[in-house]
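# quick one, what's the 3D model for this:
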Amino acid sequence: MEEELLINQNEYLEGGIHIATKMKSQGMAKFVYKVREDGLYLLDVKTIDFRIRIAAKMIARYDPSRVVVRASRIYAIYAAEKFAEITGVQLLKGRTTPGIFTNPKRDNFMEPQLLFISDSRNEKQSINEASNTSIPIIALSDTDNLTKYIDLIIPVNNRGRRSLAYIYYLLAREVMMERGEIKSREEFKYTVDDFEAKLKK
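Numbering: from 1, shown residues only. Now for the predicted structure:
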């Protein structure tokens with residue numbers, strides 16, 4: 001019997017989690033489900049769902065203090081901040097200077113055991129440093145992203161405000177489930193809206 005999705009498929013579609021770009025890198029080509037008439041690539045919702053589950057299992061295996069979530073864009077930062085607050089992982093946001101994972105003499109030197117990347121195109125420096133020190137990497141990757149050094153790719157719209165809210169909402173909920181901190185998904189007291197960046201009026 002086929003496993004149910006983590007949320008209703010319509011919610012995934014409304015959140016635009018599957019709507020990618022008009023470009024595709026070689027490593028992301030296999031994740032393209034189809035091409036829209038306007039040239040935008042579409043990703044498979046079931047693949048996204050499955051890989052969110054795998055990512056949650058991986059994250060839950062580590063001490064939260066040894067997991068770093070990396071976010072450089074504003075929509076990702078907001079969602080990742082909420083994720084870090086709920087799960088207890090470390091957050092590395094905005095622009096970072098080289099050496100944070102490779103130079104022990106730095107004041108802000110970190111030694112994560114797992115790195116979670118919000119945008120593998122925008123956060124190449126962190127990916128390169130993590131790969132140099134054999135830190136496993138999970139990454140949210142759109143169709144135009146490079147996949148080199150990534151251990152687990154979650155093929156997804158990693159730029160959309162609502163899409164990122166859904167991804168981090170589901171990850172937070174599933175990590176707590178995997179840790180046994182909640183017994184059912186209904187116990188998770190947060191909503192997708194809690195993870196969505198608020199636009200200034």
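
# could you point out the longest helix in this protein?
Counting residues, the longest helix found in the chain (DSSP state H) is helix 161-179.

# for it, which helices and strands make contact with it?
Contact analysis of helix 161-179 by 3 or more Cβ pairs under 8 Å, 6 or more residues apart in numbering; DSSP states H and E lists helix 9-14, helix 45-60, helix 74-87 as its packing neighbours. (Each C-beta comes from the backbone N, C-alpha and C, glycine too.)

# tell me the SS of the residue located most distally from the centre of the chain?
Each residue of the chain has a distance to the centre, and by Cα atoms, centre = their mean the biggest one is for Lys105: 29.1 Å. Assigned state for Lys105: coil (three-state reduction, DSSP: H, G, I helix; E, B strand; the rest coil).

# next: Ile153.
Following three-state DSSP, Ile153 is assigned to strand.

# alpha carbons of the least confident helix or strand in the chain by mean pLDDT, as PDB, please.
For the chain, counting by mean pLDDT, DSSP states H and E, helix 9-14 ranks last in confidence among helices and strands (a mean of 90). Provided in PDB are the C-alpha atoms of helix 9-14 (Å, rounded to 0.1, in the frame of the first residue of the first chain):
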ATOM      1  CA  GLN A   9      -1.100  17.100  -2.000                       C
ATOM      2  CA  ASN A  10      -3.200  20.200  -2.700                       C
ATOM      3  CA  GLU A  11      -1.300  22.000   0.100                       C
ATOM      4  CA  TYR A  12       2.000  21.100  -1.500                       C
ATOM      5  CA  LEU A  13       0.700  22.400  -4.900                       C
ATOM      6  CA  GLU A  14      -0.700  25.600  -3.400                       C
END
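
# next SSE after it?
Using DSSP states H and E, the helix or strand that follows helix 9-14 in sequence is strand 32-35.

# quick check: Ile154 vs Glu187, distance?
Distance, Ile154 to Glu187, using Cβ to Cβ, to the nearest Å: 24 Å.

# those two: which has the busier surroundings?
Ile154 (25 against 11; other Cβ atoms under 10 Å).

# show me what the more buried one is bridged to.
Leu140 (DSSP bridges).
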